[in-house]
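Trainee: With the sequence up front, the predicted model follows.
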Amino acid sequence: MESRYDRAITVFSPDGHLFQVEYAQEAVKKGSTAVGIRGTDIVVLGVEKKSVAKLQDERTVRKICALDDHVCMAFAGLTADARVVINRARVECQSYKLTVEDPVTVEYITRFIATLKQKYTQSNGRRPFGISALIVGFDDDGIPRLYQTDPSGTYHAWKANAIGRSAKTVREFLEKNYTEDAIANDNEAIKLAIRALLEIVQSGGKNIELAIIRRNQPLKMFSAKEIESQVTAIEKEKEETEKKKSKKTA
Amino acid sequence: MPSWDGGRGGRRRGEEGDSRGQGGPAAAGAEEFCLVSRVREVRLLRRQTKTSLEVSLLEKYPCSKFIIAIGNNAVAFLSSFVTSSGVWEEVGCAKLWNEWCRTTDTAHLSPTEAFCVFYHLKSNPSVLLCQCSCYVAEDQQYQWLEKVFGSCPRKNLQITVLTCRHVTDYKTSESTSSLHPPFLKALKTQNFKEPPCCSLLEQPNIVHDLPAAVLSYCQVWKIPAILYLCYTDVMKLDLITVEAFKPVLSSRSLKGLVKNIPQSTEVLKKLVTTNEIQSNIYT
């Protein structure tokens, strides 16, 4: 039954599915995990680094990209599709700035990306973009924002979310651990992002990449050393809480 | 090496003056024929010692159950469900070269590249397993059979072959939209009396390549053998295609060999994802 509605994506199946869009969401699950967290004065994007081949230049395999000075995004899914979407978004950011003389709001550029994705679910002969994106940034009013888009062209604002391979596990972790205390200050928000990724990343800190934006400051990518020090701090905290627990039970 | 008489008074190899390009076509043909035979030879070796097995594999390691997986999806199925749930010892490997081979260096094979590897179960050496992930060309199939089965195979032997084929090879009068690949079909020899784990391949039931060679051999020697053929639309390593082989786990040959199915499914997922990491399509 399904195979008849796969061919042209402009066709609905009898029970209302757009199968190509759903298959595009499967393509997103093949990309490595990305997590986004909205703190009070900071937004954090963490990604599981994709294993790079020996001879490959690591700097060209990036999941976190700046769209403008105050907005950046992480994606999961088809690399080539992401490149196309990011280029269009970057051009739109500058075009908007030149026309209106204000930088884009995070919501505006998210809506632009989502509209672009939706167009490709309704055109003849074109397939949807196989990526989901987490878009973070600060608006002029100083409020931090986190949005998520998916291949169908929908977008929503989130406090914290994850996309990609083990997104479900990470989302469950965030639902349990995203509390007011957890995002009380910037460092805590960063730690929460790293802890969320450590749930699913195989070999610890060296497979994590992190980027943050603080209010009125440009995007900052963490170096491997900084991530390692955060991971060590987290592991220490874990040990201490476990010691306390065992003391209590004893 | 058989001598070659081109019919025009062909010269013997090594005779002075018959360098290539000179001498008649017969002399050049003789040299090339010998070279080609050597290059396309199927060699059965004990990998650790790199020595050839003097007798056929089944003569050296007699068995009652022989399971052969041909193709990357069938090999992945056996790796995750069978070889991961027991202690299997490698008893030999078959090295061969043909135009389909990706690597030209047959001298140094890494474990991931080994073409045909044979294992037996340590706790029950009468169970033999073959993982064949290379293409065995038509002119090499007979050699392969000879080196593995020998010229006079034992009688109390049961063979199970697993392989994949593209769904476009499936001959049916129904419309292709009614097909839902991947699906499993079986083809068995006359002496195979057990009920198969899936429906039999309908006429015209044509199979190709090494699985066909094995089945023909078994039919001639009256060995009970069954081929489980998975028709799929994805020929590269694919999770759904490998899982289509699951009904075979209930067959008599494989029943005792699989211990922990959920764990095997995890092993399979890892195998498939490590394969995907090599590609740059998804980030």
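Mentor: Looks like it arrived, so ask away.
Trainee: what residues are up against B:Asn98?
Mentor: B:Arg40, B:Tyr135, B:Val136, B:Ala137, B:Gln140 (C-beta atoms under 8 Å, 6 or more residues apart in numbering or on different chains). For glycine as for every other residue, the C-beta is placed from the backbone atoms N, C-alpha and C.
Trainee: How many neighbouring residues does the residue lying closest to A:Val21 once chain neighbours are set aside have?
Mentor: Using C-beta to C-beta, 6 or more residues apart in numbering or on different chains and skipping the chain neighbours, the partner closest in space to A:Val21 is A:Ser152 (4.8 Å). Residues near A:Ser152, counting by other C-beta atoms under 10 Å in any protein chain shown, number 19.
Trainee: cool, and B:His120?
Mentor: So B:His120, with other C-beta under 10 Å, has 20 neighbours.
Trainee: Likewise for A:Arg215?
Mentor: Around A:Arg215 there are 14 residues (other C-beta under 10 Å).
Trainee: A:Asp181 too?
Mentor: Quick note: A:Asp181 (other C-beta under 10 Å) scores 10 neighbours.
Trainee: Selection in ChimeraX covering whichever of the contacts of B:Asn98 are buried, please.
Mentor: Remark: buried members of those, expressed as a ChimeraX selection using 16 or more other C-beta atoms under 10 Å in any protein chain shown:
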select /B:135,136,137,140
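Trainee: how far out from the middle of the chain is stretch B:81-90?
Mentor: How far stretch B:81-90 lies from its chain's middle: 18 Å, per C-alpha atoms, centre = their mean, to the nearest Å.
Trainee: what comes up buried for that stretch?
Mentor: B:Phe81, B:Val82, B:Thr83, B:Ser84, B:Ser85, B:Gly86, B:Trp88, B:Glu90.
Trainee: Need these in TSV (columns: distance to A:Lys176, secondary structure and pLDDT).
Mentor: Below are the buried residues of stretch B:81-90 laid out as TSV (distance: C-beta to C-beta, whole Å; DSSP: H, G, I helix; E, B strand; the rest coil; pLDDT from 0 to 100):
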residue	distance to A:Lys176	secondary structure	pLDDT
B:Phe81	34	helix	90
B:Val82	38	coil	89
B:Thr83	38	helix	87
B:Ser84	33	helix	84
B:Ser85	34	helix	81
B:Gly86	39	coil	83
B:Trp88	42	strand	91
B:Glu90	46	strand	89
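Trainee: Next, find the distance separating A:Ala27 from B:Leu271.
Mentor: 20 Å (C-beta to C-beta, to the nearest Å).
Trainee: and if you look at B:Ala213?
Mentor: Distance from B:Ala213 to B:Leu271, by C-beta to C-beta: 27 Å.
Trainee: Does anything pack onto the one helix or strand B:Pro262 maps to? Which helices or strands?
Mentor: For B:Pro262, the element it lies in under DSSP states H and E is helix B:261-277. Using 3 or more C-beta pairs under 8 Å, 6 or more residues apart in numbering or on different chains; DSSP states H and E, the elements in contact with helix B:261-277 are helix B:72-81, helix B:239-243.
Trainee: how distant is it from the center of its chain?
Mentor: 22 Å.
Trainee: Give me the helices and strands touching the longest helix along chain A, please.
Mentor: For chain A, the helix with the greatest residue count under DSSP state H is helix A:224-249. Here helix A:224-249 touches helix A:186-198, strand A:208-214, going by 3+ C-beta pairs under 8 Å, 6+ apart.
Trainee: Can you tell me which of the buried residues of stretch B:81-90 is closest to chain A?
Mentor: Nearest to chain A among the buried residues of stretch B:81-90 is B:Ser84, at 18.7 Å by C-beta to the nearest C-beta.
Trainee: I'd say the closest one and B:Ser264 touch.
Mentor: Yes: contact criterion C-beta atoms under 8 Å: B:Ser84 and B:Ser264 qualify, at 5.9 Å.
Trainee: Could you pull out the helices in the chain for me?
Mentor: Because you didn't say which chain, this covers chain A. A:19-28, A:79-100, A:106-119, A:167-177, A:186-198, A:224-249.
Trainee: ah, I was thinking of chain B
Mentor: Taking DSSP H to define them, one finds helices in chain B at B:25-39, B:57-60, B:72-81, B:138-149, B:209-220, B:239-243, B:252-255, B:261-277.
Trainee: okay, these, which one's buried deepest?
Mentor: Counting by mean count of other C-beta atoms under 10 Å in any protein chain shown, helix B:72-81 has the highest mean neighbour count of those, with a mean of 24.
Trainee: dump the residue contacts of A:Pro218.
Mentor: A:Asp69, A:His70.
Trainee: Distance of it relative to chain B?
Mentor: 23 Å (C-beta to the nearest C-beta, to the nearest Å).
Trainee: Low-confidence ranges, the chain, go.
Mentor: No chain was given, so I picked chain A. Chain A contains residues with pLDDT under 70 at A:1-10.
Trainee: if you could check chain B rather than the one you did, that'd help
Mentor: B:1-30, B:47, B:102-114, B:274-279.
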